[in-house]
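Enquirer: here's my sequence, what's the structure:
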Amino acid sequence: MHEWIIYARCVSVLQWANATPTEPNHHRPPWRMPTADVCSYVTLRLLGEDADRPEVVQARNWIHSRGGATYITSWGKFWLSVLGVYSWNGQNPTPPEMWLLPYNKWTGIGMLHPGRYWCHCRMVYLPMSYIYGLRGTCKETALTAAIRAELYPMPYDTIDWNAARNQIAKEDLYYPHPLIQDILWWSLYQAEGLLLGSRLRKAALKECMKHIHYEDENTRYVDIGPVNKVINMLCCWFEDPDSLAFKKHLPRVHDYLWVAEDGMKMQGYNGSQLWDTSFAVQAMLDSGLVDVAANALKKAHNYIEQSQVVQEADPPLSAYYRHISKGAWPFSTRDHGWPISDCTSEGFKAALGLAALQNPDLVGEGLSLERLEQAVEVILSYQNRDGGMATYENTRSFHALEIINPAETFGDIVVDYSYVECTSACVTALTAFQKLHPGTKLSSRIKSCLDKAESFIRRIQRPDGSWYGSWGVCFTYGTWFGVTALASGGATAANDESVRKACSFLVERQRLDGGWGESYLSCQDKAYSQLEGDSHVVNTAWAMMALLAADYHTVDPKPLHKAAVYLMRSQQESGDWPQQHISGVFNRNCMITYANYRNIFPIWALGLYRRLVLQGMTRASSSSSTDDQAWMCCMSDFFVASAQQQQR
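Expert: Numbering: from 1, shown residues only. Sure, this is the predicted structure:
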């Protein structure tokens with residue numbers, strides 16, 4: 001197995017080395033990125049490729065032409081420092097002493113405590129700060145000495161490491177350091193000589209390891225993501241190479257790895273199992289495919305039940321800056337366990353939709369009211385003061401803290417923000433619960449939450465009618481969520497100006513082939529960017545579902561007819577839809593491939609189109625007891641056949 005993994009990684013990296021700076025594909029922009037090039041070069045050499053191999057020489061020459069390894073991002077510099085081929089003196093400080101700051105707001109400085117950062121940010125910089133504070137470095141070998149000499153166009157001992165701290169190639173620079181950040185890093189850089197090896201540093205390292213072990217144990221050594229997973233594992237090794245903690249880490253590395261057609265990959269998460277399953281269930285229910293998909297729905301129902309978090313992380317949660325999680329759903333698996341607002345809401349809606357069928361023999365037994373109410377409690381807990389919902393936790397500090405964002409390639413990573421997608425998912429989930437379980441002890445709190453959330457969604461709508469999507473590409477994705485949230489409260493294109501503007505935004509961007517196609521550049525630039533070439537089946541499905549949620553087909557069905565034709569024409573003989581340009585994103589500038597989206601969303605959109613447009617089903621706030629109703633998970637509403645349709 002290990003030999004196959006090494007072979008697969010070699011194939012993948014050699015394909016990179018053979019690529020030209022203008023070779024495009026669907027998984028990266030059409031230019032070479034110095035950080036990726038340097039890291040791939042080092043990987044090739046570590047895997048045994050000779051420095052004189054033509055592909056390796058070509059890659060090295062290109063790296064030298066860009067200034068060498070001092071021009072890569074801070075995360076790349078971190079790993080080169082660990083390997084011993086880059087000086088820690090060329091790294092902007094990540095002092096572990098930050099974890100010793102007071103957390104309380106009244107201290108003022110407590111608003112800077114890492115416990116107030118967005119969880120992905122703090123969970124990455126937590127082990128990074130431990131390794132930095134320890135100066136954890138591999139023992140030098142002949143190979144690492146050779147790599148160190150190869151990475152720079154000048155002799156290693158002549159490099160100005162103080163200047164190298166802030167050197168970065170323009171291709172990798174998305175978030176330039178503001179002046180105040182450069183001053184902060186310079187100040188900490190000057191103090192590092194006093195802190196290194198001090199009692200204060202030792203206390204800080206101990207505090208960091210306490211939090212690292214907590215994260216490991218409460219995620220069954222999966223950890224929140226692949227970056228902190230491997231650095232946490234490295235911290236455990238530096239603490240004790242023979243420790244049980246390090247040994248427990250090793251088998252869970254495989255949670256992140258898979259061998260694709262073009263070589264070895266590492267996922268950005270340990271999968272999207274719950275997320276994809278929840279959408280797939282809703283797509284089949286909304287499309288009226290219960291009879292033909294009953295077996296799949298029963299298995300999916302079982303997975304959704306097993307994935308709900310049924311036990312809190314170890315107490316005390318506040319000491320480890322954790323949000324409540326009992327009753328929530330994660331993005332992937334229960335082992336991972338980190339609760340997320342939209343994953344909880346989508347898993348919750350799928351569970352509600354299956355329970356609403358009232359047919360346990362067909363799709364399995366529904367979740368108990370107790371477990372549903374636990375999920376509602378979690379969803380309600382996510383609401384911020386602005387009325388919106390963030391991702392994993394509430395917003396814990398000022399948005400202005402983003403000024404200290406040290407990651408040059410990502411935006412909006414320091415604190416958790418309220419998002420239209422998260423807020424909409426919570427709104428539709430709570431609305432669905434109210435319809436199926438009216439008059440519970442949570443009803444008044446739900447109503448208050450929904451009122452605030454609706455105000456937030458209306459307030460952040462852009463003047464052109466769109467919403468910016470932060471977790472998918474981009475305005476099409478955000479607008480689907482914005483419209484469905486408002487529609488769940490009864491808003492339509494006919495009776496609501498916000499929904500009408502959103503529909504106009506989408507219709508104006510429909511392409512000649514009937515589809516929609518939005519580029520990932522929209523995410524970076526925060527301005528709508530058309531995709532070159534053909535339309536995109538996933539984008540088209542999102543746009544259709546937004547228009548259908550708005551009842552736009554009762555205003556003008558022609559855009560929906562054209563979109564449906566485009567989707568049907570795009571389907572392949574196998575029944576599959578093609579994998580096209582990337583459709584997922586996080587932190588403005590990092591794109592994600594969701595392989596299942598290309599099938600889930602076209603099915604969902606066409607299913608709704610068939611029922612609402614072709615069969616004439618209409619919205620109604622009636623009970624779910626009759627057979628002629630369609631459960632509309634995406635809008636938390638019911639659809640019943642119109643009187644005319646029933647007569648036919």
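
Enquirer: and the contacts of the host helix or strand of residue 449?
Expert: Residue 449 belongs to helix 443-460 when assigned by DSSP states H and E. Helix 443-460 is contacted from outside by 376, 380, 383, 386-389, 418, 420, 423-424, 426-427, 430-431, 433-434, 467, 482, 485-486, 489, 498, using Cβ atoms under 8 Å, 6 or more residues apart in numbering. In this view, the C-beta of every residue, glycine as well, is placed from N, C-alpha and C.

Enquirer: same question, stretch 152-165
Expert: So stretch 152-165 is contacted by 64, 67-70, 77, 87, 89-92, 148-149, 185, 189 (Cβ under 8 Å, 6+ apart).

Enquirer: pull it out as CSV, backbone CA atoms only.
Expert: This file holds the C-alpha atoms of stretch 152-165, laid out as CSV (Å, rounded to 0.1, in the frame of the first residue of the first chain):
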residue,chain,number,x,y,z
TYR,A,152,17.6,29.4,-3.7
PRO,A,153,19.3,31.3,-6.6
MET,A,154,21.9,32.6,-4.1
PRO,A,155,24.1,30.9,-1.4
TYR,A,156,22.0,30.0,1.6
ASP,A,157,24.2,31.8,4.1
THR,A,158,23.9,35.1,2.2
ILE,A,159,20.1,35.3,2.5
ASP,A,160,18.6,38.3,4.4
TRP,A,161,16.1,36.4,6.6
ASN,A,162,14.6,39.6,8.1
ALA,A,163,13.7,40.8,4.6
ALA,A,164,12.6,37.3,3.6
ARG,A,165,9.8,37.3,6.3
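
Enquirer: buried residues, it. List them.
Expert: Buried positions in stretch 152-165, judged by neighbour count with 16 or more other Cβ atoms under 10 Å: 152, 159, 164, 165.

Enquirer: quick check: the farthest pair among the contacts of stretch 152-165?
Expert: Longest distance between any two of the contacts of stretch 152-165 is 27.7 Å, between 149 and 185; criterion Cβ to Cβ.

Enquirer: against residue 525, how distant is residue 173?
Expert: According to Cβ to Cβ, to the nearest Å, residue 173 and residue 525 sit 15 Å apart.

Enquirer: I meant residue 331, not that one.
Expert: 27 Å.

Enquirer: the more surrounded of the two?
Expert: residue 331 (26 against 12; other Cβ atoms under 10 Å).

Enquirer: hang on, isn't the more buried one packed against residue 276?
Expert: No: using Cβ atoms under 8 Å, residue 331 makes no contact with residue 276, being 9.6 Å away.

Enquirer: pull up the overlap in contacts between those two.
Expert: Common neighbours of residue 331 and residue 276 (Cβ under 8 Å, 6+ apart) do not exist.

Enquirer: quick one: the strands in the chain?
Expert: With DSSP state E as the criterion, the chain has strands at 257-260, 263-266, 584-586, 590-592, 617-620, 629-632, 637-641.

Enquirer: residues contacting residue 613?
Expert: When contacts are taken as Cβ under 8 Å, 6+ apart, residue 613 is in contact with 548, 553, 557, 560, 561, 564.

Enquirer: tell me the contacts of the residue nearest to it when sequence neighbours are not counted?
Expert: Ranked by Cβ to Cβ, 6 or more residues apart in numbering and with sequence neighbours excluded, the top spatial neighbour of residue 613 is residue 553, at 4.8 Å. Residues in contact with residue 553 (Cβ under 8 Å, 6+ apart) are 547, 560, 612, 613.

Enquirer: may I ask which of those residues has the most neighbours?
Expert: Neighbour max across the contacts of residue 553 (other Cβ under 10 Å) = residue 547, 31 neighbours.

Enquirer: the helices in the stretch 251-400 of the chain, which residues?
Expert: Secondary structure of the stretch 251-400 of the chain (DSSP state H, counting those that start in this stretch): helices at 273-286, 294-307, 341-356, 360-363, 369-381.

Enquirer: and what of the stretch 401-550 of the chain?
Expert: Assigned by DSSP H, counting those that start in this stretch, the stretch 401-550 of the chain shows helices spanning 420-436, 443-460, 475-488, 497-508, 521-525, 537-549.

Enquirer: residue 220 and residue 251 touch, don't they?
Expert: No: counting by Cβ under 8 Å, residue 220 sits too far from residue 251 to count as a contact (10.4 Å).

Enquirer: check what pLDDT residue 410 gets.
Expert: We have a pLDDT of 88 for residue 410.

Enquirer: what's the answer for residue 648, then?
Expert: 37.

Enquirer: residue 149 and residue 185: which has the busier surroundings?
Expert: More neighbours surround residue 185 than the other of residue 149 and residue 185, with 20 against 12 (other Cβ under 10 Å).

Enquirer: skipping adjacent residues, who's closest to the more buried one in space?
Expert: Here the residue nearest residue 185, using Cβ to Cβ, 6+ apart, is residue 92, at 4.4 Å.

Enquirer: next one: residue 582
Expert: residue 591 (4.4 Å).

Enquirer: do you know how far the one you found is from residue 466?
Expert: For residue 591, the distance to residue 466 (Cβ to Cβ) stands at 20 Å.

Enquirer: what about these two, which has more around it?
Expert: Per other Cβ under 10 Å, whichever of residue 591 and residue 466 has more neighbours is residue 466, with 24 against 19.

Enquirer: so what's the more buried one up against?
Expert: Contacts of residue 466 by Cβ under 8 Å, 6+ apart are 475, 478, 479, 482, 502, 505, 528.

Enquirer: burial count for the last one?
Expert: It stands for residue 528. Residue 528: 19 surrounding residues under other Cβ under 10 Å.

Enquirer: repeat that for the first one.
Expert: A total of 29 residues lie near residue 475 under the criterion other Cβ under 10 Å.

Enquirer: longest helix of this protein?
Expert: In the chain, with assignment by DSSP state H, the single longest helix is helix 199-218.

Enquirer: list the buried ones in that one?
Expert: Neighbour-count burial for helix 199-218, counted by 16+ other Cβ under 10 Å, picks out 201, 204-205, 207-209, 211-216, 218.

Enquirer: likewise stretch 40-53?
Expert: For stretch 40-53, burial by neighbour count (16+ other Cβ under 10 Å) applies to 40, 41, 42, 43, 44, 45, 49.

Enquirer: any stretches of the protein with poor pLDDT?
Expert: Low-confidence segments of the chain (pLDDT under 70): 1-32, 619-648.
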